Each structure stands twice: as structure tokens, then as C-alpha cells.
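*Asks:* Sequence plus the predicted model coming up.
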Amino acid sequence: MITKKRFVYRAIVFIWIVVSAYEITFIAVTTDIFHGTCTWYLMYMSDVVKIISGLVNWFFAYFLPLVTMVFCYARVVYTLRTKVTSSLLLRFCSHFLRQFAHVLFLHFFLL
């Protein structure tokens, strides 16, 4: 039986393995010897590899954390709305949602 503590440790090990494998792969693809010096994160085999690595970086560094944050904040607001019946807190939640939607709009369309 997997306890909560073991699950957390396994999650930490899994993240370390995945990130290490990703970084090693990315460095191997973009490293080359140029004029006698080793350059990394600069050389790409082709434009297709450059575009794919850029999209993968964008997904892991921007999109995945953004989706995680939106999901977590939505769960917090949902939990607050279901547990609390105070009108003051409900107004706070609706104000929070409007502000969060505004920040997301600015983040997506103005950057």
C-alpha cells in the first residue's frame, strides 16, 4: 500500500528523472564544437528541430504551469463557494474571478 509520504517521494523522484532526461536530450541536440569551443543551447541540426524544441520548451515552461495554476485557483474558488454562504465572501470570490480573468486576458493577448 502506498502511503501519502511514499507517494510524495515517488513524485519527487519522477520529476527529477523526467527533467534530467529532458535537459540531457535538449543539450545533446543543441551542442556542437564551433571554432574549437563547445557551444551548447546554440546549435540546432535544422530549423525543424529548432521549432520543435522551442514548442516543447514553451509547453513545459509556460503552458503547463499556467494550466496548473488556473486549475488550482479554480478549485480554491469552487471550494470556497461550496463551503461558505456568506455574501461578503461570495462577492470576494466573484471579484477574485474577474481579476484573475483580467490577468489571464492580459497575459495571453498582450505578451
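*Replies:* Nice, thanks for sending it over. Numbers count the residues shown, from 1 in each chain.

*Asks:* can you give me the helices in the protein?
*Replies:* Using DSSP state H, the helices of the chain run over residues 4-30, 47-58, 64-83, 87-109.

*Asks:* Out of those helices, which is closest to residue 40?
*Replies:* Closest to residue 40 of these is helix 4-30 (Cβ to Cβ; 5.5 Å). Every C-beta, even on glycine, is put in place using the N, C-alpha and C of the backbone.

*Asks:* Pull stretch 92-99 out as PDB, backbone CA atoms only.
*Replies:* Extracted as PDB, the C-alpha positions of stretch 92-99 are listed here (Å, rounded to 0.1, in the frame of the first residue of the first chain):
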ATOM      1  CA  PHE A  92     -14.800  38.500  -2.800                       C
ATOM      2  CA  CYS A  93     -14.800  35.300  -4.900                       C
ATOM      3  CA  SER A  94     -16.600  36.900  -7.800                       C
ATOM      4  CA  HIS A  95     -14.200  39.900  -7.600                       C
ATOM      5  CA  PHE A  96     -11.300  37.500  -7.500                       C
ATOM      6  CA  LEU A  97     -12.500  35.600 -10.600                       C
ATOM      7  CA  ARG A  98     -13.000  38.800 -12.500                       C
ATOM      8  CA  GLN A  99      -9.500  40.000 -11.600                       C
END
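
*Asks:* now it: how far from the chain's centre is it?
*Replies:* Computed by Cα atoms, centre = their mean, to the nearest Å, the chain-centroid distance of stretch 92-99 equals 23 Å.

*Asks:* And for stretch 3-14?
*Replies:* On Cα atoms, centre = their mean, the centre of stretch 3-14 falls 20 Å from that of its chain.

*Asks:* now do stretch 43-55
*Replies:* For stretch 43-55, the distance to the chain centre is 20 Å (Cα atoms, centre = their mean).
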